[in-house]
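A.B. asks: no sequence for this one, just the structure:
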């Protein structure tokens, strides 16, 4: 049976209905085909107002094919009038059929109909989707004299802005004779869209100065967006004040949301909160702005609290909200909340969106639930570059380097080209797995695709070659590709320091300066560490001169490193002078200067510094006790050292760590209290490591205690069986006691374990 109630009443009329009745019915009915049939029955298929309305009706319901058939049959009735053509253009563009719209436009040019201003303003909307067409249609509009109409100019500005050609958009705007508020808003919006906020604000300023057209709410929203892009809080506050004076923000949630968004992007979260709290009525977008703003300003916990409050207030959770909150869960590693959102998405049929699944892949990976990430990733029917990146970086985040390489290979089988993020993951994986050939192939890919210039990639590449034992290649790669960024150079300095190539590090610094690359504070810290290892005061003084000349001597970390360097190089006066001139002396600097005095046998001075440190209310931490205990050790201040060790827990509520126990063992051992040192280790509340036993082995060598040396060596051979230094120490103990059988036994043990003593080296500073 047919549902007669759904059929328009005039269809049962025996007499033809009036055209106005048909027009009304067409505009209010969702299914135009039955009305189309009625036009044919009553012979009204050539009534142009009705045909135009019917075309619009077909367009609204997405039936562009039928609309085109209707257009082809009726437009010859009025061959010179463009309104039917315009209706058909609108139908195509409404449903993103831009190629068909352009084809129809070409047909129009070869027909008797001439494009009018409505034609150009409509067809220009397709141009951003069709390469190279916009300028041609712009030319047509000029030739036909239609380009001078305000809404054609606005359409041209929008078109050029959408294809990123802001220069042409500005040219059209500058030539516009009759600018209305829509034209102004169009150019401001277009510039903001293309991240040209400075020019956008300049035009807003021009608009405010002229009297004919006043800014409206759309102008304000675009201006606020530009301020947010530039983080121009001062301009943003002026725009906010203007809105209040002119009443543009009164009762408008959209304006309030834009103001909040601007403040969030300008890092003025407190101002955004004030606006949010003052809103009499807010919508889902308002909460989204505040949650996103809190998260982007590093207030993840506050963002999560806002989300929970939003739920308690019964605000509807949109897909946008959840896409904002999932990264919050990832950063906080809030697995339970992330799972709840996952369930909500599935229950509410929001699960199919690729952005949702990609965000969940990232969230589970950051929560260390890689299996969940893998399952969600497997549910993606169509994987885009972002989803592949999320899964690969998820594996990298959890140090699953083999999986990184395997998944990257799968991604490349889908013709996905690795971007800089994936390349960085692949290089890191190659470094961790020591896969030299794979890392080299990635290097070749970087060169072919011109992405080796990225500073952080070059840093990873240098580290890769160094970790694979190719230090020469690491340096060559740096010198070939290095730009003016100091980051990859710093990596090479660090590599040289770790591998004992101190002189190479200093030579590299000279090359760095000839390349006009400016060292940063990290560079200078690396170089000071190099001079410390060399105990070269001459080289250190040269670096110190560079530091003073370029204004780095106000950096606390650099000053502390200078204190350490001069202390190790034997110049305690310079070390103390730098320390005394430091503006801000933190715990590390105090610990360093105390250790320096201890190294020079000035233990009592170190204790005086410790007393001064306490009197100046500097926070005493474990590092400070390491420094003072080290000073007591080098000066043989056993009782003072014991008192300091006991005061850690008693006076400062600090639990001694392994390095403090090691200092105490060294202190007792050097002073000849070997049995007390061994008993001290046995009574430790934490399991001693090799660093605690090793000082006792050294003390046994100093004092010739063979039996204890053997016992200590047994402990060390279990903890670090490949440390050649322990075998050498035991052999020396035997040799001092003329126990040559023991020496032979140690040598045989070295051979059986395939261990070999590395030759020693020293640096001699020669003055001419």
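C.D. replies: Happy to help now that I have it. Computed from a predicted structure; not experimentally measured. Numbers count the residues shown, from 1 in each chain.
A.B. asks: give me the neighbour count for residue 241.
C.D. replies: Residue 241: 10 surrounding residues under other Cβ atoms under 10 Å. To be clear about C-beta, it is placed using only N, CA and C from the backbone, and glycine gets the same treatment.
A.B. asks: contacting residues for residue 207?
C.D. replies: The contact partners of residue 207, taken as Cβ atoms under 8 Å, 6 or more residues apart in numbering, are 184, 188, 213, 215, 219.
A.B. asks: where's residue 567, which helix or strand?
C.D. replies: Assigned by DSSP states H and E, residue 567 belongs to helix 556-568.
A.B. asks: now that helix: average pLDDT?
C.D. replies: In this model, helix 556-568 has a mean pLDDT of 93.
A.B. asks: list the buried ones in that helix?
C.D. replies: Using 16 or more other Cβ atoms under 10 Å as the test for burial, helix 556-568 gives 557, 558, 559, 560, 561, 562, 563, 564, 565, 566, 567, 568.
A.B. asks: possible to save those as JSON lines with distance to residue 512?
C.D. replies: Listed next are these as JSON lines, based on distance: Cβ to Cβ, whole Å:
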{"residue": "557", "distance to residue 512": "20"}
{"residue": "558", "distance to residue 512": "17"}
{"residue": "559", "distance to residue 512": "22"}
{"residue": "560", "distance to residue 512": "23"}
{"residue": "561", "distance to residue 512": "18"}
{"residue": "562", "distance to residue 512": "20"}
{"residue": "563", "distance to residue 512": "25"}
{"residue": "564", "distance to residue 512": "23"}
{"residue": "565", "distance to residue 512": "19"}
{"residue": "566", "distance to residue 512": "23"}
{"residue": "567", "distance to residue 512": "26"}
{"residue": "568", "distance to residue 512": "24"}
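A.B. asks: so where's the stretch 1-150 of the chain shaky on pLDDT?
C.D. replies: Residues of the stretch 1-150 of the chain meeting the criterion pLDDT under 70: 1-46, 48, 77.
A.B. asks: how about the chain?
C.D. replies: Across the chain, the ranges flagged by pLDDT under 70 are 1-46, 48, 77, 452, 755-768.
A.B. asks: domains of it?
C.D. replies: Here the domain assignment for the chain is 282-416, 683-757, based on the TED database.
A.B. asks: ranking those domains by burial, who's on top?
C.D. replies: Sort the domains of the chain by mean neighbour count, taking mean count of other Cβ atoms under 10 Å, and domain 282-416 sits at the top with a mean of 18.
A.B. asks: end to end, how far does it reach?
C.D. replies: 43 Å (Cα to Cα, to the nearest Å).
A.B. asks: any idea how far it is from the chain center?
C.D. replies: 15 Å (Cα atoms, centre = their mean, to the nearest Å).
A.B. asks: repeat that for stretch 514-527.
C.D. replies: 25 Å.
A.B. asks: list the buried residues of that stretch.
C.D. replies: Buried residues in stretch 514-527 (16+ other Cβ under 10 Å): 517, 519, 521, 522, 523, 524, 525, 526, 527.
A.B. asks: ends of that stretch, what's the gap?
C.D. replies: Span of stretch 514-527 from end to end, Cα to Cα: 17 Å.
A.B. asks: let me know the secondary structure of residue 138.
C.D. replies: Of the three states, residue 138 takes helix under DSSP: H, G, I helix; E, B strand; the rest coil.
A.B. asks: that one against residue 144, yeah?
C.D. replies: No. Using Cβ atoms under 8 Å, residue 138 makes no contact with residue 144, being 11.2 Å away.
A.B. asks: those two - which one has more neighbours?
C.D. replies: Taking other Cβ under 10 Å, residue 138 and residue 144 do not tie; residue 138 has more neighbours (21 against 14).
A.B. asks: ok, the closest residue to that one other than its chain neighbours - contacts?
C.D. replies: Leaving aside its chain neighbours, residue 138 sits nearest to residue 156 (5.9 Å; criterion: Cβ to Cβ, 6 or more residues apart in numbering). Applying Cβ under 8 Å, 6+ apart to residue 156 gives the contacts 124, 138, 141, 147, 169, 172.
A.B. asks: next, residue 334: phi, psi?
C.D. replies: The phi/psi pair for residue 334 (degrees, to the nearest 10) reads phi -90, psi 80.
A.B. asks: span of stretch 700-711 from start to end?
C.D. replies: 10 Å.
A.B. asks: what comes into contact with it?
C.D. replies: Here stretch 700-711 has contacts from 669-670, 672, 674-675, 678, 696-697, 699, 712, 729-730, 732-734, 736-737, 739, 742, using Cβ under 8 Å, 6+ apart.
A.B. asks: sort out for me which of these are in helices.
C.D. replies: Members of those lying in helices (criterion: DSSP state H): 669-670, 674-675, 678, 696-697, 699, 712, 729-730, 732-734, 736, 742.
A.B. asks: now for these: which two are most distant?
C.D. replies: Longest distance between any two of the ones in helices among the contacts of stretch 700-711 is 23.3 Å, between 670 and 742; criterion Cβ to Cβ.
A.B. asks: now the strands for this protein?
C.D. replies: Using DSSP state E, no strands are found in the chain.
A.B. asks: endpoints of stretch 546-557, how far apart?
C.D. replies: Per Cα to Cα, the first residue of stretch 546-557 is 16 Å away from its last.
A.B. asks: in that stretch, what counts as buried?
C.D. replies: Buried residues in stretch 546-557 (16+ other Cβ under 10 Å): 547, 552, 555, 557.
A.B. asks: now, which of the ones in helices among the contacts of stretch 700-711 sits nearest residue 312?
C.D. replies: Nearest member of these to residue 312, counting by Cβ to Cβ, is residue 696, at 61.7 Å.
A.B. asks: please look at that closest one and residue 681 and confirm they touch.
C.D. replies: Yes. Applying Cβ under 8 Å as the test, residue 696 and residue 681 come out as touching, 6.9 Å apart.
A.B. asks: overlap in contacts of those two?
C.D. replies: Joint contacts of residue 696 and residue 681 (Cβ under 8 Å, 6+ apart) are residue 665.
A.B. asks: next up, phi/psi of residue 248, please.
C.D. replies: Torsion angles at residue 248 (phi, psi; degrees, to the nearest 10) stand at phi -70, psi -30.
A.B. asks: can you give me the neighbour number for it?
C.D. replies: Neighbours of residue 248 (other Cβ under 10 Å): 19.
A.B. asks: and it, how close does it get to residue 511?
C.D. replies: Here the criterion is Cβ to Cβ, to the nearest Å. By it, residue 248 lies 59 Å from residue 511.
A.B. asks: leaving out chain neighbours, which residue sits closest to residue 434?
C.D. replies: Distances taken as Cβ to Cβ, 6+ apart place residue 468 nearest to residue 434, at 5.6 Å, with adjacent residues excluded.
A.B. asks: can you count the residues close to the one you found?
C.D. replies: Other residues near residue 468 come to 19 when the count uses other Cβ under 10 Å.
A.B. asks: got it, and residue 444?
C.D. replies: A count of nearby residues for residue 444, using other Cβ under 10 Å, gives 11.
A.B. asks: repeat for the one 5 residues further on
C.D. replies: Close neighbours of residue 449, defined as other Cβ under 10 Å, add up to 13.
A.B. asks: ok, the nearest residue to it once chain neighbours are set aside to residue 445 distance?
C.D. replies: In space, and not counting its chain neighbours, residue 449 is closest to residue 417: 7.4 Å by Cβ to Cβ, 6+ apart. Distance, residue 417 to residue 445, using Cβ to Cβ: 9 Å.
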